[in-house]
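J.: Model the structure of this input:
(chains A, B, C and D)
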Protein chains: 2
Amino acid sequence: MVTLMTASKSEVAYQLVSERINTGAYSPGYRLVLGTIAEELGCSVVPVREAIRRLEAEGLVHFTRNVGATVAQVDSTLYLHTMQTLMIIEPAATALAADAMDAAWLSKARALNEKMRQCLEDFDPVAFTRMNTEFHQLLYGQCPNPHILDLVQRGWRRLAAMRASSFTHIPYRARESVKEHDALLDLIEGHATPAQIEAACREHRAHTLNSYLKAAGMEPSAI
Amino acid sequence: MVTLMTASKSEVAYQLVSERINTGAYSPGYRLVLGTIAEELGCSVVPVREAIRRLEAEGLVHFTRNVGATVAQVDSTLYLHTMQTLMIIEPAATALAADAMDAAWLSKARALNEKMRQCLEDFDPVAFTRMNTEFHQLLYGQCPNPHILDLVQRGWRRLAAMRASSFTHIPYRARESVKEHDALLDLIEGHATPAQIEAACREHRAHTLNSYLKAAGMEPSAI
DNA sequence: GTACATCAAATCGTATACGATCAGTGTGCG
DNA sequence: CGCACACTGATCGTATACGATTTGATGTAC
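T.: Modelled structure (predicted):
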């Protein structure tokens, strides 16, 4: 039989649910019923079940035995914790990726940041967010340690899911961000040590986190 | 019917396989066959399958579609990557936990480190390793950020699994470790800032990592 | 009107069954 | 003699079926 199966059904289910959470189609608290999803996909519950458990392991859904799965609730604490985790790991990933940052890479990063600056002028926050994600991905993307890279990517993914699920909007610091990006690129261009890159990158993230904390009336992060 | 089920079968399967990997009963490369494990547990393959996928998500087993699962191979690269990840996260966790370190906590930590010093005299490396794990757990255990705490615990768990699976033994630095532990406790007692605690803790970890790298004839870690 | 027991519907958890896929082996042809 | 192909056994992937558990509703006693 001509199957030509590109992905297993559980993979398809995983992709589907995952994307719906990311886009906000399934908002936090939404009840994920195995049977319903299975019917929608035209398969049985078994692959769906597996997909849900994978999502649980990633922290995107909450699962209770004999009760079922719901899209994980996002309170400000969770947001804070994710941001804080990323504040620690992403700068380290970026520093470790420093070796792979050559002239070609640098000009690409500069160009992207310029486009972000343009978005700022055009007042296009959606594009700005997208490019910001892209920019950071460019920074940490060449990290040679796959564990760390994986952790960073998961962190960004969670943040994206949170933002999509309605949720309070974050005071953006867009203008400062662009400046800090340029400063970071200057540092890299000047062949700064990995430790310096890490410090600068962490400071950039700390600014964002602390401006959020301040807006929420909370103490700044200890580190 | 009186079921009184304390854990689901997939949970039991997870615990079983997980422990066997940790103790080294299943060594790296060992082929995990669903049917065999299911038979051993007296259940069907479905819960076993779920357990295996969970272990895959944690990186403990490697899974190939339509082929099966094997216990993840541990090469020196993997060990290095895990150590490096831990070198970044654990110090951060420790720094964040600083708030919870009061006088009672401190005396407990001191006592534990003294016991480690004693192990050194008695030349008892097994007990030393156990206490070293316990000591570090004491350091990061009060970290208020559950994500970070989880990451650190996973890291330690992976390292334990690697050590158990035979694998090359690491040059220990036991004596230096004990000294560095005391220095770290001095720092905490003197109410150092979280940033200082993080730096000291990272240096401690970097020493271990770099001594391993040196023994393996590799470059020291960039950060 | 409230509290508790009982029941039914929804949903999950697992067993069994069967089709799909892969690795290894043997056979035929060049 | 070597290579390619078909075949076989092992194992995985998923569908279906049924039992177990939870939850919410209904009814009854106080």
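
J.: which helices and strands sit right next to the helix or strand hosting residue A:121?
T.: According to DSSP states H and E, residue A:121 maps onto helix A:103-122. Here helix A:103-122 touches helix A:125-140, helix A:174-189, going by 3 or more CB pairs under 8 Å, 6 or more residues apart in numbering or on different chains; DSSP states H and E. (Glycine included, C-beta is placed from N, CA and C.)

J.: And the first one, what does it pack against?
T.: It stands for helix A:125-140. helix A:76-96, helix A:103-122, helix A:146-164, helix A:174-189.

J.: Residues in contact with the worst-scoring helix or strand of chain A on mean pLDDT: which ones?
T.: The weakest-scoring helix or strand in chain A, judged by mean pLDDT, DSSP states H and E, is helix A:146-164 (a mean of 88). With contact meaning CB atoms under 8 Å, 6 or more residues apart in numbering or on different chains, helix A:146-164 is reached by A:21-24, A:58-60, A:74, A:78-79, A:82-83, A:85-86, A:89-90, A:92-93, A:96, A:129, A:133, A:136-137, A:140-141, A:143, A:170, B:59, B:81-82, B:84-85, B:88, B:151.

J.: Name only those of those residues that count as buried.
T.: A:21-22, A:24, A:58-60, A:74, A:78-79, A:82-83, A:85-86, A:89-90, A:92-93, A:96, A:129, A:136, A:140-141, A:143, A:170, B:59, B:81-82, B:84-85, B:88, B:151 (16 or more other CB atoms under 10 Å in any protein chain shown).

J.: what's the burial count for residue A:75?
T.: 11 (other CB atoms under 10 Å in any protein chain shown).

J.: And the residue nearest to the spatial centre of chain A, how far from residue A:113?
T.: Most central in chain A under CA atoms, centre = their mean is residue A:156, positioned 1.2 Å from the mean C-alpha point. Residue A:156 is 18 Å from residue A:113, where distance means CB to CB, to the nearest Å.

J.: okay but residue A:143 is in contact with residue A:98, surely?
T.: No: assessed by CB atoms under 8 Å, residue A:143 is found out of contact with residue A:98, at 9.4 Å.

J.: just the residues of chain A that are near DNA strand C, which are they?
T.: Residues of chain A that fall close to DNA strand C, judged by CB under 7 Å from any atom of the strand: A:1, A:3, A:5, A:32-36, A:45-46, A:49, A:65-69.

J.: mind giving me the domain split of chain A?
T.: Domain segmentation of chain A under automatic domain parsing yields A:9-71, A:76-215.

J.: need those domains in TSV with distance to residue B:216, can you?
T.: Below are those laid out as TSV (distance: least, CB to CB, whole Å):
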stretch	distance to residue B:216
domain A:9-71	32
domain A:76-215	16
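
J.: Ok, which of those comes nearest DNA strand D?
T.: domain A:9-71 (2.9 Å; CB to the nearest atom of the strand).

J.: so what's the backbone phi/psi at residue A:31?
T.: phi -90, psi 120 (degrees, to the nearest 10).

J.: What of residue A:64?
T.: According to degrees, to the nearest 10, residue A:64 has phi -120, psi 130.
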